[in-house]
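> heads up, no residue letters with this:
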């Protein structure tokens, strides 16, 4: 397995279990938009949002908000768009079981990365921390349903860069740090993907919170497939991200 395929595969498979959040899918798979109203016009569980979508970029942490040793990375928007489109395309064509955990037909062909506030920081070649901010599309309870019960274990068959991939994902809701948000969700995910006789394991911690009509997410992952995410760094950034949104949104 080439180094590039390993990097891409890790990014795609680790994102498959989370892509419904960024795409704004409700628990029944119905696409929803900011304010908690689906494309059919009915209300979802999220409260009506008056959040300003043009502020998502200013609400993410700056470089000083990350722990010592981490360096904020500038990722060109066209590169981010290319990765997002690849993740969405791979996900839409995937065979996911249980199927009700991810309604693939509801996932859009593209999500404009300019509608997402995003910052990524890395610590050498060891670990990465990322924060994103979007206008709320679904409630935290809806997100929780997508990773609970029989959705804790997913199997996926997909094609990534022309390679047939078989993957499993284990998702577990875990306790998060004490924050100023009314409700949060923290999930540990372990994915194992196989291409022929080779495999790669990816471990991710991701947290979600809703503040003033915005949904914040923070993700910690190891850049070494055999490593573990920086949990202390995750807790620190998740807490600071929520504090900034509470103070400034």
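Okay, I see it. Note that the structure is predicted; figures quoted are calculated from it, not measured.

> use CA for all of it now, contacts and neighbours both
Fine.

> quick check: residue 85 vs residue 131, distance?
Applying CA to CA, to the nearest Å, the value for residue 85 to residue 131 is 19 Å.

> for residue 166, that is, sorry about that
For residue 166, the distance to residue 131 - CA to CA - is 28 Å.

> who has more neighbours, the two?
With neighbours defined as other CA atoms under 10 Å, residue 166 and residue 131 compare such that residue 131 has more, 25 against 19.

> could you confirm that one falls within a strand?
Yes: assignment of residue 131 by DSSP: H, G, I helix; E, B strand; the rest coil places it within a strand.

> wait, it sits on residue 215?
No: look at residue 131 against residue 215 with CA atoms under 8 Å: they stay out of range, at 10.6 Å.

> pretty sure residue 180 is in a helix, no?
No: Residue 180 is assigned coil when assessed by three-state DSSP, not a helix.

> what does the helix ranked longest in the chain contact?
Ranked by number of residues, the top helix in the chain under DSSP state H is helix 231-248. The contact list for helix 231-248 (CA atoms under 8 Å, 6 or more residues apart in numbering) reads 59-61, 65-67, 129, 131, 176-181, 205, 207, 209, 211-212, 216-220.

> give me the buried entries from these.
With burial judged by 16 or more other CA atoms under 10 Å, the buried subset of the contacts of helix 231-248 is 59-61, 65-67, 129, 131, 176, 179, 181, 205, 207, 209, 211, 216-220.

> just the ones in strands from those, please.
Mapping these onto strands (DSSP state E) picks out 129, 131, 205, 207, 209, 211, 216-220.

> same list (these) but as a markdown table, adding distance to residue 74 and pLDDT.
A markdown table is the format used below for these (distance: CA to CA, whole Å; pLDDT from 0 to 100):
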| residue | distance to residue 74 | pLDDT |
| --- | --- | --- |
| 129 | 13 | 94 |
| 131 | 13 | 93 |
| 205 | 22 | 94 |
| 207 | 22 | 95 |
| 209 | 24 | 95 |
| 211 | 25 | 95 |
| 216 | 19 | 93 |
| 217 | 18 | 92 |
| 218 | 17 | 95 |
| 219 | 17 | 93 |
| 220 | 17 | 94 |
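
> adding distance to residue 115, write these out as CSV.
Listed next are these as CSV, based on distance: CA to CA, whole Å:
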residue, distance to residue 115
129, 20
131, 14
205, 23
207, 19
209, 18
211, 17
216, 13
217, 14
218, 17
219, 18
220, 22
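
> for residue 121, state which of these is nearest.
The nearest member of those to residue 121, counting by CA to CA, is residue 129 at 5.3 Å.

> tell me how far the closest one lies from residue 96.
Distance from residue 129 to residue 96, counting by CA to CA: 27 Å.

> again with residue 203
Where residue 96 is concerned, residue 203 sits at a distance of 19 Å (CA to CA).

> before we move on, the earlier item: for the longest helix of the chain, what is the average pLDDT?
Taken as a whole, helix 231-248 has a mean pLDDT of 97.

> over to stretch 187-204?
87.

> in the chain, where is pLDDT below threshold?
By pLDDT under 70, the weakly predicted segments of the chain are 1-49, 103-106.

> mind giving me the packing neighbours of the host helix or strand of residue 121?
Assessed by DSSP states H and E, residue 121 sits inside strand 117-123. When contacts are defined as 3 or more CA pairs under 8 Å, 6 or more residues apart in numbering; DSSP states H and E, strand 117-123 sits against strand 71-73, strand 127-135.
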